[in-house]
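S.K.: Fold the following for me, if possible:
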Amino acid sequence: MMKAVILEKPGTPETMRLTDVIIPEPGPGRIRVRVKAASLNPVDYKVAAGGHPSWTYPVIPGIDAAGIVDAVGEGVTRWKAGERVVFHGDVAISGAFAEYAVTTAHTAAAIPEGLTYEAAAAFPCAGLTAYQALVRKMRFEAGQSIFIHAGAGGVGGYAIQLARTLGAGQIMTSASRHNFDYVTNLGADVVIDYNSDNVHERIMELTNGRGVDCILNTVNRATAQADLSALAFGGQLTCIAGSPEVVADFQPSWKSITLHKLMLGGAHTSGDIHAQEDLARMADEFMSLMLEKQIDPMISEMIKLDEVPAALTRLSQRHVRGKIVVVL
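M.R.: Residues are numbered from 1 along each chain as shown. Here you go, the predicted structure:
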């Protein structure tokens, strides 16, 4: 038996509880990991609220974890017991908030020497989303300008650091005033208070009407719609929380733009082995930047397994900056 946080039916984080459950067995092509650290993500409480079609209750939430390979399933040759790994799990099968978790072998990445379990567990969902947006999709180039929504959050914070590492000409972000110093220290050049300012008007003012080369939207469909008019000619908009409803008819119509819609975890159900393996490749590349001290894991708090429900509640209320990591 093992300790795990479970959800017995769709609900809020408060309905989750810590209990004893049977240790899972790794099926063909999968590995079992003795979890040393896991991190909290908004998807954890969002999916819990409505449930998932593939879930059989009780279910263990959590998608990001780091630990030690404990057992391998049939056909797995890449990993052996004792190796250190990190993974971004499939929400349909994962269960990172537990002492043991099972994941697909080809999506896990080796944790390099010099990187702690806590640092490795902190980044997968948020960090790889930012990495996929800037590096894989927008192919962000040195000298370009970028606006990143919600810079104090996980995706936003990693994106600021990545843009800085990639040589951004100017990095703009939005945040509450009490987070201004925090996002500035991450690398933001300009911070806009979304509580008191019209974000898109400020972007245009600060760029003398040109707009920015790239925008990463982590908020919602409505702000993504407004983002279109804050792009420079030839600009790119990447959305992870809802795409603009109207693209063809937005004003001004003379702008040439590119729109990207991301769903990092969708790789698991895509049936595309290349996309699935790219989760591991991106993790390798991201951890190299962490080892080089180009990317900070942004761990704001370390908690115990029984504290997960309360911490997810705070995360859902948007009272958290950076990453909360569960240490087992």
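S.K.: Where does the spatially most central residue of the chain sit: helix, strand or coil?
M.R.: With distances taken as Cα atoms, centre = their mean, Ala126 lies nearest the centre of the chain, 1.6 Å away. What DSSP: H, G, I helix; E, B strand; the rest coil gives for Ala126 is helix.
S.K.: What sits closest to it if chain neighbours are left out?
M.R.: In this structure, Ala126 finds its nearest non-sequential neighbour in Gly154, 3.2 Å apart by Cβ to Cβ, 6 or more residues apart in numbering. All C-beta spots, glycine's among them, are computed from the backbone N, C-alpha and C.
S.K.: Also Gly11?
M.R.: Ala48 (6.6 Å).
S.K.: That neighbour: neighbouring residues, count only.
M.R.: For Ala48, the number of neighbouring residues by other Cβ atoms under 10 Å comes to 24.
S.K.: same check, this time on the one 3 residues further on
M.R.: For Gly51, the number of neighbouring residues by other Cβ under 10 Å comes to 14.
S.K.: Could I get the pLDDT score of it?
M.R.: Predicted confidence (pLDDT) at Gly51: the value is 93.
S.K.: Isn't Ala283 up against Leu128?
M.R.: Yes - with contact defined as Cβ atoms under 8 Å, Ala283 and Leu128 form a contacting pair (6.5 Å).
S.K.: residue ranges of the helices in this structure, please?
M.R.: Along the chain, counting by DSSP state H, helices occupy 42-50, 117-122, 124-131, 154-165, 180-186, 199-206, 221-227, 273-291, 308-316.
S.K.: between those helices, which gets nearest to Gly73?
M.R.: helix 273-291 (15.7 Å; Cβ to Cβ).
S.K.: Measure how the closest one sits relative to helix 124-131, angle-wise.
M.R.: Angle, helix 273-291 to helix 124-131, by axes from the mean of the first three to the mean of the last three Cα atoms, to 10 degrees: 90 degrees.
S.K.: other SSEs contacting helix 273-291?
M.R.: The contact analysis (3 or more Cβ pairs under 8 Å, 6 or more residues apart in numbering; DSSP states H and E) places helix 273-291 against strand 84-88, strand 109-110, helix 124-131.
S.K.: Pull out the buried residues from that helix.
M.R.: 276, 278-280, 282-283, 286-287, 289-290 (16 or more other Cβ atoms under 10 Å).
S.K.: quick check: angle from that helix to helix 154-165?
M.R.: Put simply, helix 273-291 runs at 70 degrees to helix 154-165, going by the same axes, to 10 degrees.
S.K.: got the contact list for helix 273-291?
M.R.: Here helix 273-291 makes contact (Cβ atoms under 8 Å, 6 or more residues apart in numbering) with 86-88, 104, 106-112, 114-115, 119-120, 123-124, 127-128, 131-132, 135-136, 162, 165, 264, 267-268, 270, 295-297.
S.K.: Just the buried residues of the residues you listed.
M.R.: 86-88, 104, 106-111, 115, 119-120, 123-124, 127-128, 131-132, 135-136, 162, 264, 267-268, 295-297.
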